[in-house]
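Participant: compute the structure for the input listed below.
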Amino acid sequence: MFLSINKNSGLALIYDIGNASVGGALVMFSEENNPKIIYATRSDISNQTEPTSGKLIYSIAKSLEIVSRDIEKNGLSHLKFTSFGNATPKKAFCVLSSPWHISQTRTILMKKDKSFAITKKLIDELVAEEINNFKKSPLVKERASSDKNALIESKVTQIKLNGYETNRPEGKTAETLQISAFFSLSPEDVMNTFAERIKKVFNIEKIYFNSFPLASFAAVKKALERQDFIFVDISGETTDVLLVKDGTLAEITTFPLGKKSAVRELVKKLKTTNEEALSLFYLYQEKKLSDETENKINSILSGPAENWLQSFRSAMISIGDGFSLPSTVFFTSDKDAEVWFYSLIKKEDYSQFTLTESPFLIKPIDVSSLGGRCQYEGTAKRDPFLAIGAIFASGE
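Facilitator: Numbers count the residues shown, from 1 in each chain. Model (predicted):
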């Protein structure tokens, strides 16, 4: 579980570790106020071809060190001109995107003919058994890049007794106990590699790891005060689709397509560099290209667009499992891909996924939409991914 640091107010590091970039922030936490980002920075990685696992880990670790040294040089020096003086961070909180974690929602059901007592020991034993089942599950066997994986999250998101939700089940009796939980694993060697890069720069006492799905669920729910929504996180190499119903993280699915799938197609078809393809991709979305060039790029991107949409449809069907889905879709993506993915999500026919007649609200998550839950010092960079990490780290 993510350790709330409200009771240990002070300066900390927040890292957003993706598969296409690494972001880092120097954040001040206090019991009285929302977290304040003092300094933020981000380092992108460049891959023209499909990256191997080893190369991607090396590139991300290198970016992690670059970000850390940037914070040390520019962030800590900036502190001297603020009320925080010579404070130094003693903790780091790393929020991992795919493929650095394997996450799954699980439902535990106990049903008996006669009422039985609900105790903390019973709940703990059932959750421990389910964690063991999760570690042996086909999902972990399919996606694990290592035989040694550490449990980084074990969060009970909802408990129902006889079909009714309760926040205080201990001491009660029921014939049916249903526990909804969220578990995440991360390869030990990957976490050790990331931790070593951070500790090369900072004398950190403790480094905590969590998954972006849990962080985004908690932060968006808290900031937007929503109980039912779909959250889509589109990174460089992957897309996570989360279903939140009745205030709990109900389902999560991932598919291996993101921004770089489109950029690599541009590199291939235009026989150009990754940097030039990224620039054209952005200008294409901003409608700043000639009609001829725009039509050419539109034709090239039709394949990646359809591939992503097909995977997105499958993900929506998977998380819905025959039930009506919420009509609100929030999403995060790199700023230079936001317009393109917004157009793809908006073009989807959602009538196949919902029984309601309500129009779908599709909204990118940016700093302004987080409702002031995260504050900023002066001109500190506004990065929604780091803001989500800071809000999550601040606890309830």
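Participant: which residues of the stretch 1-150 of the chain fall in strands?
Facilitator: Applying DSSP state E, counting those that start in this stretch to the stretch 1-150 of the chain gives strands spanning 10-17, 21-29, 36-44, 91-96, 102-117, 149-161.
Participant: which elements pack onto the shortest one?
Facilitator: Put plainly, it is strand 91-96. Strand 91-96 is packed against strand 10-17, helix 188-199, strand 206-211, helix 212-224, helix 384-393, with contacts defined by 3 or more C-beta pairs under 8 Å, 6 or more residues apart in numbering; DSSP states H and E. Using the backbone N, CA and C atoms, a C-beta is placed for each residue, glycine as well.
Participant: can you list the strands of the stretch 1-150 of the chain in TSV and add mean pLDDT?
Facilitator: Shown next, in TSV, are the strands of the stretch 1-150 of the chain (pLDDT from 0 to 100):
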stretch	mean pLDDT
strand 10-17	95
strand 21-29	95
strand 36-44	94
strand 91-96	96
strand 102-117	95
strand 149-161	93
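Participant: can I get these in TSV with mean neighbour count and distance to Ser311?
Facilitator: Converted to TSV, the strands of the stretch 1-150 of the chain look like this (neighbours: other C-beta atoms under 10 Å; distance: least, C-beta to C-beta, whole Å):
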stretch	mean neighbour count	distance to Ser311
strand 10-17	24	23
strand 21-29	26	22
strand 36-44	21	24
strand 91-96	24	21
strand 102-117	14	18
strand 149-161	18	25
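Participant: save those strands as JSON lines, and put in distance to Asn274 too.
Facilitator: Shown next, in JSON lines, are these (distance: least, C-beta to C-beta, whole Å):
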{"stretch": "strand 10-17", "distance to Asn274": "21"}
{"stretch": "strand 21-29", "distance to Asn274": "13"}
{"stretch": "strand 36-44", "distance to Asn274": "10"}
{"stretch": "strand 91-96", "distance to Asn274": "24"}
{"stretch": "strand 102-117", "distance to Asn274": "28"}
{"stretch": "strand 149-161", "distance to Asn274": "31"}
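Participant: so which of these is nearest Ala315?
Facilitator: strand 102-117 (13.9 Å; C-beta to C-beta).
Participant: can you list the buried residues in stretch 331-340?
Facilitator: Within stretch 331-340, the residues scored as buried using 16 or more other C-beta atoms under 10 Å are 331-334, 336-340.
Participant: inside strands: which ones of those?
Facilitator: 331-333 (DSSP state E).
Participant: the residues you listed into TSV, with extra columns for distance to Lys148 and pLDDT?
Facilitator: Listed next are these as TSV, based on distance: C-beta to C-beta, whole Å; pLDDT from 0 to 100:
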residue	distance to Lys148	pLDDT
Phe331	33	93
Thr332	30	93
Ser333	32	93
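Participant: from those residues, which is closest to Ser59?
Facilitator: Ser333 (19.8 Å).
Participant: what is the neighbour count of the residue nearest to the closest one when sequence neighbours are not counted?
Facilitator: Once flanking residues are discounted, Ser333 sits nearest to Ile234: 4.0 Å by C-beta to C-beta, 6 or more residues apart in numbering. Counted with other C-beta atoms under 10 Å, residues neighbouring Ile234 total 24.
Participant: thinking again about what came up before, closest to Tyr208 out of the ones in strands among the buried residues of stretch 331-340?
Facilitator: Thr332 (21.2 Å).
Participant: that closest one bridge partners, please.
Facilitator: Asp233 (DSSP bridges).
Participant: check contacts around Glu237.
Facilitator: Counting by C-beta atoms under 8 Å, 6 or more residues apart in numbering, Glu237 makes contact with 19-20, 51, 56, 98-99, 256-258, 260-261.
Participant: now the buried members of the residues you listed.
Facilitator: 19-20, 51, 56, 98-99, 257-258, 260-261.
Participant: now those residues in JSON lines, with distance to Ala219 and pLDDT?
Facilitator: Below are the buried ones among the contacts of Glu237 laid out as JSON lines (distance: C-beta to C-beta, whole Å; pLDDT from 0 to 100):
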{"residue": "Asn19", "distance to Ala219": "20", "pLDDT": "88"}
{"residue": "Ala20", "distance to Ala219": "21", "pLDDT": "88"}
{"residue": "Pro51", "distance to Ala219": "28", "pLDDT": "62"}
{"residue": "Leu56", "distance to Ala219": "26", "pLDDT": "87"}
{"residue": "Ser98", "distance to Ala219": "18", "pLDDT": "88"}
{"residue": "Pro99", "distance to Ala219": "21", "pLDDT": "88"}
{"residue": "Leu257", "distance to Ala219": "24", "pLDDT": "94"}
{"residue": "Gly258", "distance to Ala219": "20", "pLDDT": "94"}
{"residue": "Lys260", "distance to Ala219": "25", "pLDDT": "92"}
{"residue": "Ser261", "distance to Ala219": "26", "pLDDT": "93"}
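Participant: of those, which pair is most distant in space?
Facilitator: Longest span within the buried ones among the contacts of Glu237, C-beta to C-beta: Leu56 and Leu257, 15.5 Å.
Participant: can you tell me which of the buried ones among the contacts of Glu237 are in helices?
Facilitator: Using DSSP state H, the members of the buried ones among the contacts of Glu237 that fall within helices are 56, 260-261.
Participant: any chance of these in CSV, plus distance to Asp70?
Facilitator: Putting those into CSV (distance: C-beta to C-beta, whole Å) gives the following:
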residue, distance to Asp70
Leu56, 21
Lys260, 23
Ser261, 28
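Participant: give me the pLDDT for Val49.
Facilitator: Rather than Val, residue 49 is Thr. The model reports Thr49 with a pLDDT of 61.
Participant: oh, I was asking about Ala262
Facilitator: At Ala262, pLDDT is 95.
Participant: how near is it to Gly303?
Facilitator: 9 Å (C-beta to C-beta, to the nearest Å).
Participant: the two - which one has more neighbours?
Facilitator: Ala262 (25 against 13).
Participant: look up the closest residue to that one, ignoring the ones flanking it.
Facilitator: Ala262 sits nearest to Pro304 (C-beta to C-beta, 6+ apart), 4.3 Å away.
Participant: next, the angle from whichever strand or helix holds the one you found to strand 102-117.
Facilitator: Pro304 is part of helix 291-320, with elements assigned from DSSP states H and E. If you take axes from the mean of the first three to the mean of the last three C-alpha atoms, to 10 degrees, helix 291-320 sits at 20 degrees to strand 102-117.
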